[in-house]
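Asks: Generate a structure from the sequence data that follows.
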Amino acid sequence: MNATSSSPRAPYLAILGALVLVAVWGAVAAAGVFPESLFPTPLAVARALVQELRSGRLVDDALASVPTYSIGSATPFVPCTHVQTEDLRGSLRLLTQALKFSDYHAKRERFAREGQVRQWL
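Replies: Numbers count the residues shown, from 1 in each chain. Next up, the predicted model:
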């Protein structure tokens, strides 16, 4: 067998490794080494994940944490940084400039100061 081919046991080893990790996590949590509020059991985390998914809050919070931009003349339907213009080419140029900056909040403030972007909340 050469170095580039993978072992047929590799998927099983990955699954076994994950199971061992969860077992160690559960054992440490059950031992009470840390308070449950700081180190919950795997079952408590799984229950909380299911609860968050059922309520829809997890997806909403995940989407809310992603910066959203809008281009055009109509008022956006979602909270976002909006480039108000009738000129699509100009809007795309402004949006490209905004995305080149590393700090999201600095981008918003700069374009808002220049009067090119409105915050719709």
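Asks: now the helices for the protein?
Replies: 10-31, 42-55, 57-64, 88-100, 104-113 (DSSP state H).
Asks: so which of those comes closest to residue 71?
Replies: Closest approach to residue 71 among these (Cβ to Cβ): helix 88-100, 4.1 Å. C-beta coordinates here come from the backbone N, C-alpha and C atoms, glycine included.
Asks: Could you list the buried residues of stretch 85-101?
Replies: By 16 or more other Cβ atoms under 10 Å, the buried positions in stretch 85-101 come out as 85, 91, 94, 95, 98.
Asks: where in the chain is pLDDT low?
Replies: 1-6, 100-121 (pLDDT under 70).
Asks: List the buried residues in stretch 58-77.
Replies: Residues of stretch 58-77 classed as buried: 69, 70, 71, 76 (neighbour count, 16+ other Cβ under 10 Å).
Asks: on that earlier part again, adding distance to residue 81, write the helices of the chain out as JSON lines.
Replies: Below are the helices of the chain laid out as JSON lines (distance: least, Cβ to Cβ, whole Å):
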{"stretch": "helix 10-31", "distance to residue 81": "39"}
{"stretch": "helix 42-55", "distance to residue 81": "27"}
{"stretch": "helix 57-64", "distance to residue 81": "14"}
{"stretch": "helix 88-100", "distance to residue 81": "7"}
{"stretch": "helix 104-113", "distance to residue 81": "5"}
